[in-house]
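**Student:** requesting a structural model of the entry that follows:
(one chain, ligands or ions: 1)
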Amino acid sequence: MNITYTPDGGEFHLSNGIISYIFRIYENGYAGSLYFGKALSPARSYRHLGPREFRGFSHSPGDFTRFEYPSTGNGDFRIPAITVVHADGSSVIDPVYREHRIYSGKKPIPGLPATYVESDAEADTLEVDLVDAPSGIVITLFYSIFRDYPVIARHVCVTNSGITSGSAVYACETLTCAMSASLDLPDQVWELIELTGAWGREFQEERRPLRHGAQGVASVRGVSGSQQNPFIALARPGCDERTGEAIGFSLVYSGNFRAECEADSFGMTRVRMGINPAGFSWNLGSGESFETPEAVIAWSLSGLGGLSDAYHGLYRTRLARGFWRDRDRPVLINNWEGTYFDFNEDRLLSIARTAKDFGVELFVLDDGWFGKRNDDTSSLGDWAANTAKLPDGIDGLARKVESLGMKFGLWFEPEMISRESELFAAHPDWAVGVPGRTRTEARHQYVLDFTRAEIVDHIFAAISDILKKGPVSYVKWDMNRNITEPYSASLSADRQGEFFHRYMLGVYLLFERLTSAFPEILFESCSSGGARFDPGMLFYAPQGWLSDDSDAVERLRIQWGASLCYPPSSMGAHVSASPNHQVGRVTPIDTRAAVAFFGAFGYELDPARLSQSELEAVKIQIVFFKQHRTLFRTGRFIRLVNPYEGTDASWMIVCPDRSRAIVAFYRVLAKPFPVATRVKLAGLDAGVNYRITTWPERTPTGTTGSSGSTVAVESVVRGGDELMYSGLRVLDSAFFEPQTGDFWAKLFILDMITS
Ligand code: DGJ
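**Tutor:** Modelled structure (predicted):
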């Protein structure tokens with residue numbers, strides 16, 4: 001891996017042997033891209049890939065040029081990466097190269113989540129300073145190339161240096177757009193993939209050809225949102241899971257964002273990603289800087305699967321952090337769908353006791369344990385136990401749960417305040433809102449103004465008090481509404497455009513303080529399910545609740561879509577009751593488990609309502625999961641049969657040395673007289689044999705085995721080559737008796753035969 005600079009021609013070449021990212025500084029100082037894709041020889045010049053010379057913008061030659069960080073008012077009329085308003089009201093910004101630095105390693109971004117390295121050998125970084133001389137604005141472009149991934153991480157720092165070339169001295173500059181990255185591509189033969197949806201149906205994969213003009217995804221909700229995730233991919237037509245070129249763009253941020261492509265009139269495509277300029281502005285006093293979040297750009301020639309491999313590896317090991325990053329997560333039971341608000345200590349302990357009997361390791365108490373909260377109308381902000389429900393408080397309950405031999409976890413919604421709360425009575429001004437306007441309530445609650453340090457301090461102290469007292473091993477951090485009436489009393493009128501980003505900085509600060517103070521607590525992020533399931537959250541919480549929809553069939557699509565960018569280890573996935581509470585569907589309990597295994601696994605139900613045979617099944621599920629959980633967490637996840645394209649679905653997970661894999665096949669709707677179904681596997685060793693067993697295992701009489709092990713009725717040996725190139729016959733009676741009915745699932749466990 002290295003970054004080279006050729007002064008003759010001003011060419012930068014970042015390469016790690018997998019990818020090359022090349023751009024140059026033109027004679028007039030503009031930074032313009034030349035190439036991004038499969039690695040090219042670093043020994044050659046590629047300046048001929050751009051215009052021969054770049055003279056100026058008369059008659060808009062800018063239309064034909066590809067920029068590294070496009071600006072406005074200078075003849076480039078496409079979507080910009082940066083816009084400003086100078087003190088005199090003008091808005092031209094025309095940055096040119098001044099200097100650069102190349103070094104090993106990668107620096108953190110102050111106050112913001114970002115990918116990181118554990119040794120300088122893992123990445124090289126290039127910083128390029130561009131200067132708009134008349135205003136004194138310095139734009140530092142950061143590029144880090146990773147040794148082990150086809151990935152470039154980019155972000156930008158904009159500084160008002162206070163040193164101008166002309167007579168004007170701009171004591172204050174106003175940034176109105178500062179994207180994390182902009183990438184100009186030399187053609188338009190792309191399809192745009194996005195993850196769209198709504199509450200309960202997040203991460204729906206959509207794909208459409210690029211059209212002329214601007215198109216993309218965005219949020220102005222104050223959270224990244226369940227409607228559109230801060231991830232897009234460009235894929236060549238015909239690019240599938242395993243072949244073809246694709247580029248992924250992922251933003252390490254949890255607030256308002258925009259990811260946008262513009263296919264221009266001259267055959268090129270510009271992609272920009274960063275904080276949403278809508279509603280954003282930032283005042284830069286002389287000497288002040290603004291750091292953007294990080295955009296992570298991945299490239300693949302092995303289809304969408306190649307993109308996922310890159311993101312999964314990087315995000316699981318170099319974005320997620322802390323004690324739990326490399327540890328198997330406990331199997332948990334969460335009481336939310338089991339009890340909602342209707343519980344007392346006895347009921348909780350009875351759930352915990354039964355769960356412990358069938359092997360659950362962590363009991364999580366969800367919403368409703370504090371203040372006077374018996375429904376969602378009150379008490380957010382009053383983080384003290386409701387002793388009518390929990391006479392011995394949280395610490396008392398936590399100790400009782402621990403005495404059963406389980407760990408204890410607790411739900412908070414740190415950023416919220418109920419109108420009906422002691423906190424609101426004491427500090428009505430702490431809720432976000434514009435003086436003189438009615439605050440919009442959502443789920444009967446307001447949002448705390450996390451731009452204010454004293455409010456973050458207060459919530460830190462309140463949560464810390466509870467975590468310090470009781471043996472709490474896990475925290476679920478929820479966030480159940482979008483932000484309306486954005487305004488902070490702490491910001492002057494000309495700084496209100498900073499509100500949303502400052503809010504996110506407050507959230508990240510609280511996360512940083514809590515995770516530092518309680519390093520061994522496992523944090524799970526949540527926002528009504530997946531409304532803030534993004535790389536920013538992953539930096540603080542190694543897992544997030546992916547969706548409030550726990551139906552196994554819905555989850556196939558949700559987990560499939562999310563897996564484009566996010567590793568299974570990050571996706572909270574629970575077995576819940578049937579009929580399912582979100583869609584009313586009745587599915588076998590083993591199908592629900594066979595989907596949830598491919599995530600941070602747990603249960604979300606009242607075990608008292610399970611039948612004896614379901615309880616037995618749960619015991620077996622947990623034995624099976626514990627046996628394979630390291631593989632589920634760390635294996636290479638490969639998508640096989642797309643649930644968006646039919647009524648079957650399939651995916652698999654392979655351990656790094658390919659000695660074991662687990663393949664899941666889901667038949668959502670039964671078919672009459674089914675034809676043989678073969679699923680072509682991937683990622684195996686073609687030159688060895690694999691012994692195949694199945695789960696859930698059935699004895700020859702058709703009853704469920706009780707050991708939880710995977711001893712096959714008839715064990716089968718197949719070559720890795722056959723399984724990949726001819727396929728696994730998933731309906732083969734060698735594996736199990738023919739299945740009928742809807743919603744069944746089968747797991748195939750493949751073990752390499754070594755002798
Ligand atoms: C929304 C979350 O997604 C649920 O899992 C649950 O924690 C509720 N909030 C509690 O109010």
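**Student:** hey, which helix is longest across this protein?
**Tutor:** helix 612-634 (DSSP state H).
**Student:** could you find the closest non-adjacent residue to residue 25?
**Tutor:** Leaving aside its sequence neighbours, residue 25 sits nearest to residue 10 (Cβ to Cβ, 6 or more residues apart in numbering; 3.4 Å). Backbone N, C-alpha and C define where each C-beta goes, glycine included.
**Student:** pretty sure residue 680 is touching residue 638, no?
**Tutor:** No. Using Cβ atoms under 8 Å, residue 680 is not in contact with residue 638; the gap is 10.6 Å.
**Student:** who has more neighbours out of these two?
**Tutor:** Between residue 680 and residue 638, residue 638 has the larger neighbour count (other Cβ atoms under 10 Å), namely 22 against 14.
**Student:** what about the helices in the stretch 501-650 of the chain?
**Tutor:** In the stretch 501-650 of the chain, helices defined by DSSP state H, counting those that start in this stretch lie at 535-538, 552-562, 589-596, 612-634, listed in chain order.
**Student:** next up, identify which helix or strand whichever residue of the chain sits closest to the ligand is on.
**Tutor:** Taking Cβ to the nearest ligand atom, the ligand has its nearest neighbour within the chain at residue 367, 3.5 Å off. Counting by DSSP states H and E, no helix or strand carries residue 367.
**Student:** secondary structure class for the residue nearest to it when sequence neighbours are not counted?
**Tutor:** In space, and not counting its chain neighbours, residue 367 is closest to residue 411: 5.4 Å by Cβ to Cβ, 6+ apart. Secondary structure, DSSP: H, G, I helix; E, B strand; the rest coil: residue 411 is strand.
**Student:** just list the residues touching residue 411, thanks.
**Tutor:** 336, 364, 365, 366, 367, 369, 475, 476, 478 (Cβ atoms under 8 Å, 6 or more residues apart in numbering).
**Student:** got the phi/psi numbers for the closest residue in space to residue 494 that isn't next to it in sequence?
**Tutor:** Excluding the flanking residues, the one nearest residue 494 by Cβ to Cβ, 6+ apart is residue 283, at 6.2 Å. Torsion angles at residue 283 (phi, psi; degrees, to the nearest 10) stand at phi -80, psi 130.
**Student:** may I have the longest strand seen in the chain as CSV, with CA atoms only?
**Tutor:** In the chain, with assignment by DSSP state E, the single longest strand is strand 172-185. Provided in CSV are the C-alpha atoms of strand 172-185 (Å, rounded to 0.1, in the frame of the first residue of the first chain):
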residue,chain,number,x,y,z
CYS,A,172,-16.6,35.3,9.7
GLU,A,173,-17.5,32.9,7.0
THR,A,174,-20.7,31.0,6.8
LEU,A,175,-20.5,27.4,5.5
THR,A,176,-23.8,26.4,3.9
CYS,A,177,-22.6,23.0,2.5
ALA,A,178,-19.5,21.0,3.4
MET,A,179,-19.8,17.5,2.1
SER,A,180,-17.5,14.7,3.3
ALA,A,181,-16.6,13.5,-0.1
SER,A,182,-17.4,14.2,-3.8
LEU,A,183,-16.4,11.8,-6.5
ASP,A,184,-16.6,12.5,-10.2
LEU,A,185,-16.8,9.3,-12.4
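**Student:** cheers, nothing more for now.
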